[in-house]
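Chemist: Make a model of this:
(chains A and B)
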Number of protein chains: 2
Amino acid sequence: MSDFFNAPPAPRLPLLTRAGCALTREIEVLDQHGQQRAIHIPDERPLTLYVDKRELVTLMTLGAEPELLALGYLRNQRLIDSVEQVLSVTADWDVNAVAVRTRAGIEDFERKTAQRVVTTGCGQGTVFGDMMDALQATQLPDASTARIAQSTLHGMLEVMRQQDSVHRKAGSVHGCALFRGTEKLMFIEDVGRHNAIDTIAGWMWMHGVPGADKVFYTTGRLTSEMVMKSAQIGVPIIVSRNGVTAMGHEMASRLGMTLFGRAANRHFICYTGFERFDSEPEPQRPSMRVVAG
Amino acid sequence: MSDFFNAPPAPRLPLLTRAGCALTREIEVLDQHGQQRAIHIPDERPLTLYVDKRELVTLMTLGAEPELLALGYLRNQRLIDSVEQVLSVTADWDVNAVAVRTRAGIEDFERKTAQRVVTTGCGQGTVFGDMMDALQATQLPDASTARIAQSTLHGMLEVMRQQDSVHRKAGSVHGCALFRGTEKLMFIEDVGRHNAIDTIAGWMWMHGVPGADKVFYTTGRLTSEMVMKSAQIGVPIIVSRNGVTAMGHEMASRLGMTLFGRAANRHFICYTGFERFDSEPEPQRPSMRVVAG
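Modeler: Numbering: from 1, shown residues only, chains lettered A, B, ... in the order given. The predicted structure is shown next:
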């Protein structure tokens, strides 16, 4: 995690609590053989976000990093422009709440949050037109500087294969990671893909980590919203174990990003942005047949 | 689809357009062998919902049933109490919009939609406290009347296994279905689980179909929001190909619902609500070994 140590500290970083909590819970289940047994499931919980004592939103989260999630949420919703505006972030699982204090308040808070009701779907939409405008202004590095080689991609996937995880123990969560080359800088799991990438956005802000030379990995699908969020944090290359939707594909093409999907073991599909990719084709092995002599 | 034909027509049903659209798109991709080829991906698109000429929300949807999605969205957000309040639903893909006209307006529209901003997360949260209050009032049938037998569950899973789907062709979508016994009444796929269940909610309203004797099937995870939505449409039994989170589990337990997960082929786990389930245990087969004589 060299970014963590080497990055110059942001001049005025917020104070964070470190409120951890158990990520899985044991329950009794019944299977097809009529047998009762214990399994682990992910321990999702509500987290209500307050900004300067005003209630903003309740997120369902696994709860590993409530402070970074709160920061990243405010960043990706563009309610706060820079981490220096934040004085402190305090999470408290006794009341399932995280309180953000800003140094000087959020300008136009009422208007910014009121606008969202018009175009935000509950678990469904996002601030679409608004977001596209903002993305036009996003500066992503060009393909000559931000690239990925096939060997690096394979190395990343091997790191993810070996990653210990809540998913392995309990299923039903999404994982996201931030890579520089084959070095995993940050890994987080949550019940939703959005929380996971928001947490990474918060971590990047907190440690002054830029996105231009990074690759974003997710177990989830590449929908338009995931592509948008990756663009917002300045990361031009996304790798998913899952597939892509047409809006995600179109948005990434327009923004000059590179998307890989169905990426696991030594397999992948590059959906768009071939120009950032140094292909090192694997030989096609003919299917082996042993013929008895 | 006997409910479709036999159910008494609701006294004043809204007029619907039938605006279909292509559900997949072909794109050129590059694979690990350096080969370029064409694949299909799901064709997600934005759909802006207007109610009595006021813009309410933009949903990302596959677009198979925009009118039913709009109806179900208004139902599950509890913005409209009964389908009889709706005069017409008109979808138009030339402008990516669906317009709902009500007979007498929505009472308190400004307050109801303004409230949502406080507790609604973009792609993340839901109206949590508010929703729990509403769920307390939800009448689900008791376990003596609404039950499921293991053979019925197996039958449902076999129907789903044979279902032709966008997922099979293009991946990256979720499917939901409504069953009565092993009879599939409605099947819908969308880019998000929420849109899919909302569309089913709209279909049930449109055709006056009650939830009490039905089973809801989803390919997606059983998070709290999916359990909430199933309770809202009155369906007490949910079957998922995927897993469960702790909030989903807890909420279903409290509401007396039954959840099955990891359900495919002849496997499943019953997470909660065992009392609605008639177990017909399968024999545990010892793993077969052929020993050379």
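Chemist: just the helices in the stretch 51-200 of chain A please.
Modeler: Taking DSSP state H, counting those that start in this stretch as the criterion, the stretch 51-200 of chain A contains helices spanning A:66-76, A:109-119, A:128-136, A:150-162, A:166-170, A:193-206.
Chemist: can you give me how far the fourth one is from the chain middle?
Modeler: In this view, helix A:150-162 has its centroid 18 Å away from the chain centroid, taken as CA atoms, centre = their mean, to the nearest Å.
Chemist: For A:Thr219, list the residues it contacts.
Modeler: A:His167, A:His174, A:Gly175, A:Cys176, A:Arg193, A:Ser240, A:Arg241, A:Asn242 (CB atoms under 8 Å, 6 or more residues apart in numbering or on different chains). Glycine gets a C-beta too; all of them are placed from N, C-alpha and C.
Chemist: farthest pair in the residues you listed?
Modeler: Using CB to CB, the contacts of A:Thr219 span at most 14.5 Å, a distance reached by A:His167 and A:Ser240.
Chemist: More neighbours: these two, which one.
Modeler: A:Ser240 (27 against 16; other CB atoms under 10 Å in any protein chain shown).
Chemist: Using PDB, write out every CA atom in the one helix or strand A:Val29 maps to.
Modeler: For A:Val29, the host element (DSSP states H and E) is strand A:24-31. Output in PDB follows, covering the C-alpha atoms of strand A:24-31 (Å, rounded to 0.1, in the frame of the first residue of the first chain):
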ATOM      1  CA  THR A  24     -21.000 -12.000   8.900                       C
ATOM      2  CA  ARG A  25     -23.700 -13.700  11.100                       C
ATOM      3  CA  GLU A  26     -24.400 -17.300  11.600                       C
ATOM      4  CA  ILE A  27     -27.900 -18.600  11.000                       C
ATOM      5  CA  GLU A  28     -29.700 -22.000  11.000                       C
ATOM      6  CA  VAL A  29     -30.900 -23.200   7.600                       C
ATOM      7  CA  LEU A  30     -32.600 -26.300   6.100                       C
ATOM      8  CA  ASP A  31     -31.400 -27.900   2.900                       C
END
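Chemist: After that strand, which helix or strand is next?
Modeler: Trace forward from strand A:24-31 with DSSP H and E and the next one is strand A:36-42.
Chemist: Each with direction, which strands does that next one pair with?
Modeler: strand A:24-31 (antiparallel) (DSSP bridges).
Chemist: Show me the contact partners of the partner strand.
Modeler: Here strand A:24-31 has contacts from A:36-43, A:166, A:169-170, B:246, B:249, B:267-272, B:274, B:277, B:279, using CB under 8 Å, 6+ apart.
Chemist: again, only this time at 7 Å
Modeler: A:36-43, A:166, A:169-170, B:246, B:249, B:269-271, B:274, B:279 (CB atoms under 7 Å, 6 or more residues apart in numbering or on different chains).
Chemist: picking that back up, buried set for the strand holding A:Val29?
Modeler: Neighbour counts over strand A:24-31 (16 or more other CB atoms under 10 Å in any protein chain shown) mark A:Thr24, A:Arg25, A:Ile27, A:Val29, A:Leu30, A:Asp31 as buried.
Chemist: The second one and A:Ile39, how far apart?
Modeler: In this structure, A:Arg25 and A:Ile39 are 10 Å apart, going by CB to CB, to the nearest Å.
Chemist: Is chain B within reach of stretch A:99-107?
Modeler: No. Against chain B, stretch A:99-107 shows no contacts by CB under 7 Å from any CB of the partner chain, the least distance being 14.1 Å.
Chemist: ok, now stretch A:265-284?
Modeler: Yes. Using CB under 7 Å from any CB, we find that stretch A:265-284 touches chain B at A:Arg266, A:His267, A:Phe268, A:Ile269, A:Cys270, A:Tyr271, A:Phe274, A:Ser279, A:Pro281, A:Glu282, A:Gln284.
Chemist: Would you mind listing the residues in contact with A:Thr17?
Modeler: A:Thr17 makes contact with A:Glu67, A:Thr90, A:Ala91 under the criterion CB under 7 Å, 6+ apart.
Chemist: OK, contacts around the residue of the stretch 1-150 of chain A found nearest chain B?
Modeler: In the stretch 1-150 of chain A, the residue found nearest to chain B is A:Gly34; the distance is 3.0 Å by CB to the nearest CB. Shown in contact with A:Gly34 (CB under 7 Å, 6+ apart): B:Ser279, B:Pro281.
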